[in-house]
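Novice: sequence and predicted model, in that order:
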Amino acid sequence: MKKISAYEIALSALSCALSTLFLTLGVYSGFFLFTAYLLASIALILPLCKRSWRGYLFAYVVTCLLSLLFASFRFWELIPFAMFFGLHPLVNELQLKLKINRWLAFFVKAVWFDGTVYFTWKLVFAITTPVAFVNQYILPIILVVGTLVFLAYDYFMFKWRVWANGLVSRISKK
């Protein structure tokens, strides 16, 4: 087994600290929560730039635990991150490493995203709206709107991955 370098440990710790900070701020602000999921996911890309799988796992698990602790155990607000947003960078990296067809991967990830949204909507928050149409057709709405939102999110995350790879490679050369 390859020994993890001090640089990879520092990168993982930085990733964990940023992700935890974003999630904690998101939970306490309320309106910033969905942006916090996005920013925490971007921060988790950092260890993957050096192909540090253990570093990513460390950052993800510790981020979930510290965010839970700092968010006063308001776990229901962290479930979308733990179920999808925190794992998405790893799945993207595995998709590229294993050369999985991007359309097949997109379909599987979109179903995963829509499932997370539906789970959060129905089981965690038990959200109902005053509009009966939305309550009655929530699953098709999530499938259509959720998949469109995920399309933009997935594209954006791949672009951020390229940017993060460039940043980490410039830092590691110094």
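Specialist: Perfect, thanks for sending it. Numbers count the residues shown, from 1 in each chain.

Novice: stretch 27-40: how far from the chain's middle?
Specialist: Offset of stretch 27-40 from its chain centre (Cα atoms, centre = their mean, to the nearest Å): 11 Å.

Novice: mind checking which helix or strand of the chain has the lowest mean pLDDT?
Specialist: Within the chain, no helix or strand scores below helix 132-136, which has a mean of 80 by mean pLDDT, DSSP states H and E.

Novice: buried residues in it?
Specialist: Buried residues in helix 132-136, counted by 16 or more other Cβ atoms under 10 Å: none are found. (C-beta placed from N, C-alpha, C; glycine too.)

Novice: and if you look at stretch 61-70?
Specialist: Going by 16+ other Cβ under 10 Å, stretch 61-70 has these buried residues: 62-64, 66-68, 70.

Novice: swap in stretch 4-16?
Specialist: Neighbour count says stretch 4-16 has 4, 8, 11-13, 15-16 buried, by 16+ other Cβ under 10 Å.

Novice: which residues are in contact with it?
Specialist: Applying Cβ atoms under 8 Å, 6 or more residues apart in numbering, the contact partners of stretch 4-16 are 43-47, 49-50, 52, 54-56, 58-59, 62-63, 66, 168, 172.

Novice: and what of stretch 147-166?
Specialist: Counting contacts by Cβ under 8 Å, 6+ apart, the residues touching stretch 147-166 from outside are 38, 41-42, 45-46, 48-49, 88-89, 92-93, 106, 109-110, 113-114.
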